[in-house]
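S.K.: the following comprises the amino acid sequence and a computationally predicted model.
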Amino acid sequence: FLDQLLLVNFLPDPFCGGSVARAMFEGKKYVVLRDLGAKVVEGDLNDKASVEAALKGAYGAFLVTNFWDHFSKEKEVCQASTFVPQGKVVADVAKSQGLKHVVYSGLENVKRLTNGKLEVLHFDRKGEVEEYFWSIGVPMTSVRVAAYFENFLGPLKPVKASDGDYYTLALPMGDVPMDGISVADIGAAVCSIFNSPEEFVGKAVGLSAEVLTIQQDADVLSKSLGKEVRDAKITPEAYEKLEFPGAKEMADMGRFYQMKPDRDIKLTHRLNPKVKSFSQFISENQAALKSS
């Protein structure tokens, strides 16, 4: 029966979505990306009719909405409904077409959980979509992914210090460890969830390869770079004053991460026994780190 399943995979996020598509194609149980030798069905998350056409006949769907693509919480939430902006469009269509299992790349609704004390828009909008899926009775699993290791090759990469021959990592975590995972390892975990709907439908699953303090991350990066990397020890209060778009949001994310949201390392390793540690990831991406 599994050989006959069709999975429609909406992929506005080329990293997480691509990881899932590759893992599913390698598993040979689902129909996915054309460039991997499989079938492609197009769908526009802003167009309900195209979503209906794309999901027609599907067993299930893996859904990633992308807040940063349009920097709008309202639009992303809509990607999932007909009366609220995108994620809810897919929920409505999944419900009407009777999909058996949707796996959604979700996160916590931080604003609701903290009674408005914190607002992390790219978490909150995913949390709202999660809640909507469950409220209308779609058989859904929310996968809440830890911080991507890949960010340390880009936006979170070590920065050369102005007062010496060393680098710093500026993340507002204090001494509280932060969960992390490589994007490439998410796909196999999602495949395992699709293969066990009886265990995971109706649940939120937190994925994490391991949990490290920022200084432990810095130590790994020091070894790879051959240069000293230090935790900048920046506070959320100082971070939110930095002059770049999203600084306040990132500071509140740090505050929320310090509350230790549920990410299950043991379960993640069961879902994907080959999941990499941060040290393994950096070792395999040493050239990219040094050129970034």
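M.R.: Looks like it arrived, so ask away.
S.K.: M250 against A238, yeah?
M.R.: No - taking contacts as CB atoms under 8 Å, M250 lies outside contact range of A238: 11.8 Å. C-beta coordinates here come from the backbone N, C-alpha and C atoms, glycine included.
S.K.: any shared contact partners between those two?
M.R.: Contact criterion CB atoms under 8 Å, 6 or more residues apart in numbering; residues shared by M250 and A238: P172.
S.K.: of those two, give the one with the bigger neighbour count.
M.R.: The neighbour comparison of M250 against A238 (other CB atoms under 10 Å) goes to M250, with 22 against 14.
S.K.: not counting sequence-adjacent ones, nearest residue to the more buried one?
M.R.: Nearest-residue entry for M250: Y239, 6.5 Å, with adjacent residues in sequence omitted and distances by CB to CB, 6 or more residues apart in numbering.
S.K.: contacts only, for the one you found.
M.R.: 170, 172, 247, 250-251, 254.
S.K.: of those, buried ones?
M.R.: 170, 172, 250-251, 254 (16 or more other CB atoms under 10 Å).
S.K.: quick check: which ranges of the stretch 1-150 of the chain have low pLDDT?
M.R.: 1-43, 66-86 (pLDDT under 70).
S.K.: give me the contacts around stretch 172-182.
M.R.: Stretch 172-182 is contacted from outside by 145-150, 171, 206-217, 233-236, 238-239, 250-251, 254-255, 257-258, 260, 263, 265, 268, 275-276, 278, 281, using CB under 8 Å, 6+ apart.
S.K.: tell me which residue is most central in the chain.
M.R.: V145 (4.4 Å; CA atoms, centre = their mean).
S.K.: wait, it sits on S105?
M.R.: Yes - contact criterion CB under 8 Å: V145 and S105 qualify, at 6.6 Å.
S.K.: the residue nearest to the centre of the chain bridge partners, please.
M.R.: L207 (DSSP bridges).
S.K.: what about it, distance to F256?
M.R.: Distance of V145 to F256, computed by CB to CB, to the nearest Å: 14 Å.
S.K.: one more: L113?
M.R.: As judged by CB to CB, L113 and F256 stand 8 Å apart.
S.K.: re earlier: are any of the contacts of stretch 172-182 buried, and which?
M.R.: Buried among the contacts of stretch 172-182 (16+ other CB under 10 Å): 145-150, 171, 206-217, 233-234, 236, 239, 250-251, 254-255, 257-258, 263, 265, 268, 275-276, 278, 281.
S.K.: of these, which belong to strands?
M.R.: Here DSSP state E is the test, and the buried ones among the contacts of stretch 172-182 give 145, 147-148, 206-207, 210-212 as lying in strands.
S.K.: could you dump those residues to a markdown table with distance to K56?
M.R.: Output for those, formatted as a markdown table (distance: CB to CB, whole Å):
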| residue | distance to K56 |
| --- | --- |
| V145 | 28 |
| A147 | 36 |
| Y148 | 33 |
| G206 | 32 |
| L207 | 30 |
| E210 | 41 |
| V211 | 42 |
| L212 | 44 |
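S.K.: of these, which is the nearest to P197?
M.R.: L207 (17.3 Å; CB to CB).
S.K.: would you mark the buried spots in the longest helix along the chain?
M.R.: In the chain, taking DSSP state H as the definition, the longest helix is helix 121-135. Using 16+ other CB under 10 Å as the test for burial, helix 121-135 gives 121-130, 132-133.
S.K.: any idea which element the nearest residue to A161 once chain neighbours are set aside lies in?
M.R.: Leaving aside its chain neighbours, A161 sits nearest to T168 (5.5 Å; criterion: CB to CB, 6+ apart). For T168, the host element (DSSP states H and E) is strand 167-169.
S.K.: return the very next helix or strand once past that strand as CSV; C-alpha atoms alone will do.
M.R.: As assigned by DSSP H and E, the chain's next helix or strand after strand 167-169 is strand 178-181. Provided in CSV are the C-alpha atoms of strand 178-181 (Å, rounded to 0.1, in the frame of the first residue of the first chain):
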residue,chain,number,x,y,z
MET,A,178,20.6,25.8,23.1
ASP,A,179,19.3,22.9,21.1
GLY,A,180,20.5,22.6,17.5
ILE,A,181,20.3,20.3,14.5
